[in-house]
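>>> Take a look and give me a structure for this.
(one chain, ligands or ions: 1)
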Amino acid sequence: MKKIKVESFEIDHDKLMPPYVRASKKIKTSKGEDITCYDLRFTYPNLEFISQKGIHSLEHILAYKLREHYDKPIIDISPMGCRTGFYVSVIGKEDLKGILEAVKKALIDVLKEKKVPGTRKKECGNYKEHSLKEAKFWALKFLVHNLLLNAAKEGKKLKREDIYKKFNLNSTYLKKLFSKVLSHIDKVEKEKHNFKLSVLLKNPKELTLKEAKKKYKNYKDTLEEAPKLEK
Ligand SMILES: [Zn+2]
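Residues are numbered from 1 along each chain as shown. All right, here's what the predicted structure looks like:
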């Protein structure tokens, strides 16, 4: 019998440090073309889950937006059944930097959307199960969490105003959403690492920054520990 190994069941889900993009599979077709599958992770497995409506609406919006911002052909963008992220399959060699940049631009666009596309009965298999508000919450959570983790790794302080500017949070609605997202991130980080990332926004003391740096310096190594897919 053929022995099948599924990469996503082989990785240690306790060690994942989202939000991130990771190349999970690299395939060469019989014609020599490269296909790369990315694990686009939004949340900590077994701790936080994208809401059902949120992930469905994100899927619809990203289907357009990610293709708009990425220069290589995207085969599909599929939600994970565990609701912690998406699989993104692309024609082309691994390009982590490029895909992460495209993801960030697409998620900033999600925040500007006025309507979820493809939500008529003829266009979708569960057309009532949508929420633009929830899609925006999870899009902003990816952006802010990623920014805060990187700042922590580098031992950098951040200003609220700079974050508003970076992600175009120019309405009262989006600023309120930011506060909501920030307390969500604090809640999950408290549980996962007993550390609140919002201290990076509050003139942290030297010690706090050092602690943050120490806590997150293994961030990248942790991801690299994930076993590589066998041929
Ligand atoms: Zn749908």
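>>> and stretch 19-34, which residues are buried?
Buried residues in stretch 19-34, counted by 16 or more other Cβ atoms under 10 Å: 19-25. Placement of C-beta: from N, CA and C, glycine included.
>>> where does this structure have low pLDDT?
In the predicted model, the chain carries pLDDT under 70 at residues 203-231.
>>> which residues touch the most centrally placed residue in it?
Centroid-nearest residue in the chain, with Cα atoms, centre = their mean: residue 42, separated by 3.5 Å. By Cβ atoms under 8 Å, 6 or more residues apart in numbering, the contact list for residue 42 reads 18-19, 50, 84-86, 138, 141-142.
>>> Out of these, which sit inside helices?
Counted as lying in helices by DSSP state H, out of the contacts of residue 42, are 138, 141-142.
>>> what about the helices in the protein?
Assigned helices in the chain, in chain order: 7-10, 52-69, 96-112, 132-154, 160-166, 172-193, 206-216, 219-224 (criterion: DSSP H).
>>> do you know which of those helices lies nearest residue 90?
Residue 90 lies closest to helix 96-112 among the helices of the chain, at 7.0 Å (Cβ to Cβ).
>>> ok, residues contacting the closest one?
Contact partners of helix 96-112, identified using Cβ under 8 Å, 6+ apart, comprise 21-23, 38, 40, 58, 61-62, 65-66, 68-72, 88, 90, 135-136, 139-140, 142-143, 146, 167-169, 174.
>>> how about the contacts of residue 42, which pair is most distant?
The most widely separated members of these are 86 and 141, with 13.9 Å between them, by Cβ to Cβ.
>>> returning to that earlier point: just put the ones in helices among the contacts of residue 42 in TSV and tack on neighbour count and distance to residue 161.
Output for those, formatted as TSV (neighbours: other Cβ atoms under 10 Å; distance: Cβ to Cβ, whole Å):
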residue	neighbour count	distance to residue 161
138	27	23
141	26	20
142	24	21
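>>> Adding distance to residue 159, write those residues out as JSON lines.
Formatted as JSON lines, the ones in helices among the contacts of residue 42 follow (distance: Cβ to Cβ, whole Å):
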{"residue": "138", "distance to residue 159": "24"}
{"residue": "141", "distance to residue 159": "19"}
{"residue": "142", "distance to residue 159": "20"}
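>>> Show me which of those residues is closest to residue 202.
Among the ones in helices among the contacts of residue 42, residue 141 lies closest to residue 202 (Cβ to Cβ), at 19.4 Å.
>>> What is the burial count for residue 87?
Other residues near residue 87 come to 17 when the count uses other Cβ atoms under 10 Å.
>>> With the one 10 residues further on instead?
Applying the criterion other Cβ under 10 Å, we find 9 residues in the vicinity of residue 97.
>>> show me what contacts the residue nearest to residue 126 when sequence neighbours are not counted?
Nearest residue to residue 126, sequence neighbours excluded (Cβ to Cβ, 6 or more residues apart in numbering): residue 56, at 6.8 Å. Contacts here follow Cβ under 8 Å, 6+ apart; on that basis residue 56 touches 79, 126, 129-130.
>>> Mind putting those residues into a markdown table with distance to residue 156 and neighbour count?
As requested, those are exported to a markdown table (distance: Cβ to Cβ, whole Å; neighbours: other Cβ atoms under 10 Å):
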| residue | distance to residue 156 | neighbour count |
| --- | --- | --- |
| 79 | 32 | 20 |
| 126 | 42 | 11 |
| 129 | 39 | 13 |
| 130 | 37 | 21 |
